[in-house]
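Undergrad: how would this look folded up:
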Amino acid sequence: MIAKIISLAAIMGLLTNNAYAYLDPGTGSMILQGILGAVAIGAASISVFWHRVKSVFTQSAKNSEPSSDDDDGKR
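TA: Model (predicted):
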């Protein structure tokens, strides 16, 4: 099945026609903006995920340690 897909893609790649298309400078700017936006979204997603994972471990560490802040010796 994979061999058929690869051979079909190779045949389609060999049977292409010229497009004779014009790409103005604004198109390059839009492509660059899309790439930078995708990188920013990826970084934000990783940051949010990392903070969630980190909070699980820091909360469990805080809950296991006895807190001395609640008892300051004044009764």
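Undergrad: quick one, helices of the chain?
TA: 2-14, 25-64 (DSSP state H).
Undergrad: Now the ones you listed in a markdown table, please, with extra columns for mean pLDDT and mean neighbour count.
TA: Every residue, glycine included, has its C-beta placed from N, CA and C. Putting those into a markdown table (pLDDT from 0 to 100; neighbours: other CB atoms under 10 Å) gives the following:
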| stretch | mean pLDDT | mean neighbour count |
| --- | --- | --- |
| helix 2-14 | 91 | 9 |
| helix 25-64 | 89 | 10 |
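Undergrad: Distance check, the residue sitting nearest the centre point of the chain against Ile6.
TA: Nearest to the geometric centre of the chain sits Gly42, at 2.6 Å (CA atoms, centre = their mean). Spatial separation of Gly42 from Ile6 under the definition CB to CB, to the nearest Å is 29 Å.
Undergrad: How about Val48?
TA: 38 Å.
Undergrad: can you check Asn17 too?
TA: 22 Å.
Undergrad: quick revisit: now do the residue nearest to the centre of the chain against Ser29, distance only.
TA: For Gly42, the distance to Ser29 - CB to CB - is 20 Å.
Undergrad: ditto for Leu23
TA: On the measure of CB to CB, Leu23 and Ser29 end up 11 Å apart.
Undergrad: same check, this time on Val48
TA: 29 Å.
Undergrad: and if you look at Leu15?
TA: For Leu15, the distance to Ser29 - CB to CB - is 32 Å.
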